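A.B. asks: Show me how the following folds:
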Amino acid sequence: ADPPGGSNAPAPPAPPAPQEPREPETSSQPTGLRLVCTAPADVKLINGAAATLELVTATAQNALVVPVEAVAGGQGRGKVDVVGPDGAKETKDVELGLTDGKVVEIKSGLTGDETLAVPGPNLPPAEPDGRGGPETGSK
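C.D. replies: Model prediction:
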């Protein structure tokens, strides 16, 4: 006799167990740091209202900065193409510091008097939007 309620069809295969997402081994682990933001006493807060916070994690004063497009590299080290008076390019190693995504701090390797090629060494040329070409090293 057939089992109750049924047919002799085999049971559908069990769905595969979901795999845990694997994070890259270079990812950072949570630190347990908790950020609490309190508004000034004269600001009225409304429950559920959206807010934007700007969190400054580091600052630099009187820093030599160059456009990020002029630098090839990362993790604190990079290379730039210095344009000489005759137009010849010389690739120099630089030590990188803070960046805001537009400019990057040069901790060492440049004096600030150089003219840099944009884009930097072995980087693709900029889109034809009027950007590119030699640019001064300090701003």
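
A.B. asks: all contacts plus neighbour counts: C-alpha atoms, from now on.
C.D. replies: Will do.

A.B. asks: Can you find the helix or strand in this structure with the smallest mean pLDDT?
C.D. replies: strand 135-136 (a mean of 47; mean pLDDT, DSSP states H and E).

A.B. asks: Quick one: mean pLDDT over stretch 61-72.
C.D. replies: In this model, stretch 61-72 has a mean pLDDT of 92.

A.B. asks: residues in contact with it?
C.D. replies: By CA atoms under 8 Å, 6 or more residues apart in numbering, the residues outside stretch 61-72 that reach it are 78-81, 101-107, 112, 116-123, 136-139.

A.B. asks: what residues does stretch 40-50 touch?
C.D. replies: residue 39.

A.B. asks: The same query, at a cut-off of 10 Å, please.
C.D. replies: For stretch 40-50, contacts defined as CA atoms under 10 Å, 6 or more residues apart in numbering pick out 38, 39, 51.

A.B. asks: okay, these in JSON lines with neighbour count, pLDDT and distance to residue 87 next?
C.D. replies: Formatted as JSON lines, these follow (neighbours: other CA atoms under 10 Å; pLDDT from 0 to 100; distance: CA to CA, whole Å):
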{"residue": "38", "neighbour count": "8", "pLDDT": "82", "distance to residue 87": "55"}
{"residue": "39", "neighbour count": "9", "pLDDT": "82", "distance to residue 87": "54"}
{"residue": "51", "neighbour count": "6", "pLDDT": "82", "distance to residue 87": "50"}
